[in-house]
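In: model this:
(one chain, ligands or ions: 1)
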Amino acid sequence: MQKIKKILIGTHNKGKFKEICDLLPKKLEKISPINLKIPSPDETGKTFQENSELKANFFCEMGKMVTLSDDSGLEVECLDGEPGIYSSRWAKKYGSFDGAMTEIFNRVKKLKKSTAAQFVCSLTIQWPDGKKISEIGKIKGDICSKRGSNGFGYDPIFIPNGYPKTFAEMEYKKKLLIDHRYIAYKKLEKKIKNFL
Ligand code: ITT
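Out: Model prediction:
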């Protein structure tokens, strides 16, 4: 069994990149596709898993090394799971994450239904021989008005269940060790520990 010495983190999102690097063992050399000038693939999948697999396959073929990719997003219950896999695209549609967060909060407020939401993350690791493993992590919580300035993306409008703070009000380390990415990584880690 060949140990992994270096790994391509298949994302252009700096917030995700940092979290994934901090979850992986320190001794692993982590490489960004940005440094290798590898662009992003089109996200044509219909699910988080399809998209994380598509990204892992794309970056692995381009970078010719073991690759770990992430597809993630925020699903809001009263919006029928939107923005979901379109979370990143909503930020473009509404001008910024700030604009997308305002849109989500206003829609939820107007509907006067549940504020329930969840963050979902699919992680896929792929080897150059085509072998791949995917795992999903989810964390449930509620949508609120924007609070806090830590983190990235939709962190300011999400309060995880059982906590008084939004992800953006929490200390980086606190969020890192409870979020959807952490949950997916812990499942994946069990399956790849012999390679680490
Ligand atoms: P890559 O495809 O290069 O990884 P991306 O930002 O486009 O970058 P996604 O397609 O997976 O990534 O979009 C997911 C979006 O959901 C992302 O842009 C974030 O803003 C948001 N998101 C995912 N995880 C999050 C988290 O932990 N905190 C806040 N927002 C998050």
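In: What residues does the protein have near the ligand?
Out: Counting by CB under 6 Å from any ligand atom, the positions of the chain adjacent to the ligand are 11-13, 16, 40, 43, 70-73, 87-88, 97, 119, 151-155, 167, 179, 181. All C-beta spots, glycine's among them, are computed from the backbone N, C-alpha and C.
In: Give the buried subset of those as a PyMOL selection command.
Out: In PyMOL, this line selects whichever of those come out buried by 16 or more other CB atoms under 10 Å:
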select buried, resi 11+12+13+16+70+71+72+73+87+88+97+119+151+153+154+155+167+179+181
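In: residues touching the residue in the chain positioned nearest to the ligand, list them.
Out: Nearest residue of the chain to the ligand (CB to the nearest ligand atom) works out as residue 153 at 2.3 Å. By CB atoms under 8 Å, 6 or more residues apart in numbering, the residues touching residue 153 are 13, 15, 74, 87, 91, 97.
In: What average pLDDT does stretch 67-85 get?
Out: Mean pLDDT, computed over stretch 67-85, is 98.
In: do stretch 133-153 as well
Out: The pLDDT scores in stretch 133-153 average 98.
In: and that stretch, C-alpha only, in CSV?
Out: Only the C-alpha atoms of stretch 133-153 are listed here, as CSV (Å, rounded to 0.1, in the frame of the first residue of the first chain):
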residue,chain,number,x,y,z
ILE,A,133,-13.7,7.2,-2.5
SER,A,134,-16.4,9.7,-1.6
GLU,A,135,-18.0,10.6,1.7
ILE,A,136,-20.8,13.1,2.7
GLY,A,137,-21.0,15.3,5.8
LYS,A,138,-24.0,17.3,6.9
ILE,A,139,-24.6,19.8,9.7
LYS,A,140,-28.1,21.0,10.6
GLY,A,141,-28.9,24.5,11.9
ASP,A,142,-30.9,27.6,11.3
ILE,A,143,-30.8,30.7,9.1
CYS,A,144,-30.5,34.1,10.8
SER,A,145,-29.6,37.6,9.8
LYS,A,146,-25.8,38.2,9.1
ARG,A,147,-23.6,38.0,12.2
GLY,A,148,-19.8,37.7,12.5
SER,A,149,-16.9,38.2,10.2
ASN,A,150,-14.8,35.0,10.5
GLY,A,151,-14.9,32.2,8.0
PHE,A,152,-16.2,32.5,4.4
GLY,A,153,-19.2,32.1,2.1
